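>>> Take this sequence and fold it.
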Amino acid sequence: MLRPPLADRLPSWTIENGRVLHDEGFDEAALVLDAGLIVEAAEATDRRFDASGLLVLPGVVDVHGDAFERQLMPRPGVGFDLATALFDTDRQLLTNGVTTAFHGVTWSWEPGLRGAENARALLDALERLGPDLLVDTRYHLRHETYNLDGEAEILDWIEKGRIGCLAFNDHTTGLAKYRGKPEKLATMIHRSGLDQNDFLALVESVHARADAVAPSIERLAAAARAANVPMLSHDDMSPQMRRWYRDLGVAVAEFPMDEATARAAIEVGEATVFGAPNVLRGGSHTGCPAAADMVGKDLCSILASDYYYPALAAAPFRLAADGVRPLEETWSLVSKNPAAAFGLADRGRLAPGLRADVVAVDASPDRPPRVVATFVAGRLAHCADGARIG
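Numbers count the residues shown, from 1 in each chain. Predicted coordinates:
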């Protein structure tokens, strides 16, 4: 988060000559940033940014991104220190227009990359390094629901306000189906650091506690609800599953597995999340609904980077180019809508009084959109063309 002393030292900016996306659509008015906020037009500012030929858009809010795991462990069993990985990820996010990021950290019963030690270390590192990261970076706890031994500690994290959001994931039920086919589990086995026999034995012991999972979810959801921590259910399999989570106060359906489940969420005003990589690739790589189809049917309200940061800023342009929805609407999928769904009322739009999270994009035809500049809370955090600064 932005610290007040930094805001006091920030130069004020006029972003001029670009096409600015306001609530009413695009116009060519200048955008003025001062003390970390968007303000009404001023006669003079400290600095100017020439956005000629660029689109000036609200900063991207990424509610689920776990591509940082590549910086932590670029190959199975090959790890690097957390500070290096998080700082590198911070720069990647900025070059892709992301100004608010929820790092999706999976805490599973597995050892290794997604085990307890790593989940704790990442939380500690984000709290320690957060003031030095340029992106407003928050902890998205992807709780594997069979991780029953982690419940007490997660309850403590919620009570102390340490996490940005809580997602309920169940990859264990599906995993158990492959107990007799270890080749299907090869990636997880390598990631865990266990040998095959030990990993399969661990799966058996974890799955044997299935009856305790639902009560644990209920306790965690009650605590998060009391603490106003946004909650997501991951890979909802049916409208009935969505209804069960809704009754617990879980208001975001993340990657619903079919159209009926997405519709069940949207019809009662809940948010649905689909992957921006799904849009760029023309469909899901796992056989789930095509995100572009869901946008076209008004069944997708949020896009997330998931496993590939560059997809997030590019997906709204692809949707517009394909005639699914105009850019004025598709950009909301990565800015206004996620901000609203996650209780971030101070961002996601370009309006006076809101955080000055702004991205300037070169949307020249016949090539992917290119982020030229990213402002985070009024600070120029990324610029690919210094000649535009005056």
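>>> First-to-last residue distance for stretch 318-327?
9 Å (CA to CA, to the nearest Å).
>>> Show me what that stretch is in contact with.
21, 55, 279-280, 292, 295-296, 316-317, 330, 333 (CB atoms under 8 Å, 6 or more residues apart in numbering). Bear in mind the C-beta positions are built from the backbone N, C-alpha and C, glycine included.
>>> before we move on, which element is His143 in?
Using DSSP states H and E, His143 sits in strand 136-144.
>>> contact partners of stretch 264-273?
With CB under 8 Å, 6+ apart, stretch 264-273 has contacts from 63-64, 232, 236, 239, 242-243, 246, 251-256, 262, 294, 298-304, 337-338, 341.
>>> Filter those residues down to just the ones in helices.
239, 242-243, 246, 262, 294, 337-338, 341 (DSSP state H).
>>> Now, of these, which are buried?
239, 242, 246, 262, 294, 337-338, 341 (16 or more other CB atoms under 10 Å).
>>> which one of those sits closest to His382?
Pro338 (20.0 Å; CB to CB).
>>> gap between Asp156 and Arg142?
Note on Asp156: its distance to Arg142, by CB to CB, to the nearest Å, is 18 Å.
>>> ok, Arg114 touching Leu122?
No - counting by CB atoms under 8 Å, Arg114 stays clear of Leu122, with 10.4 Å between them.
>>> mind checking the SS state of Ala214?
Ala214 falls in the helix class when you classify it by DSSP: H, G, I helix; E, B strand; the rest coil.
>>> out of the contacts of stretch 318-327, what pair is the most spread apart?
Largest pairwise distance in the contacts of stretch 318-327, by CB to CB, is 22.2 Å, between Leu55 and Gly296.
>>> quick one: which of those two has more around it?
Using other CB atoms under 10 Å, the more surrounded residue of Leu55 and Gly296 is Leu55, with 20 against 15.
>>> How confident is the prediction for the more buried one, by pLDDT?
Note on Leu55: pLDDT of 98.
>>> What sits closest to it if chain neighbours are left out?
Nearest residue to Leu55, sequence neighbours excluded (CB to CB, 6 or more residues apart in numbering): Val361, at 4.8 Å.
>>> With Ala290 instead?
Gly283 (4.4 Å).
>>> Quick one: the helices in the stretch 1-150 of the chain, in order.
In the stretch 1-150 of the chain, the segments counted as helices under DSSP state H, counting those that start in this stretch are 4-9, 69-72, 82-95, 116-129.
>>> again with the stretch 151-300 of the chain
Using DSSP H, counting those that start in this stretch, helices in the stretch 151-300 of the chain cover 151-159, 172-176, 186-192, 196-207, 213-226, 239-247, 259-266, 276-281, 291-296.
>>> Let me know which of those is the nearest to Arg75.
Per CB to CB, nearest to Arg75 of the helices of the stretch 151-300 of the chain: helix 186-192, 9.3 Å.
>>> Could you chop the chain up by domain?
4-57+350-388, 59-341 (automatic domain parsing).
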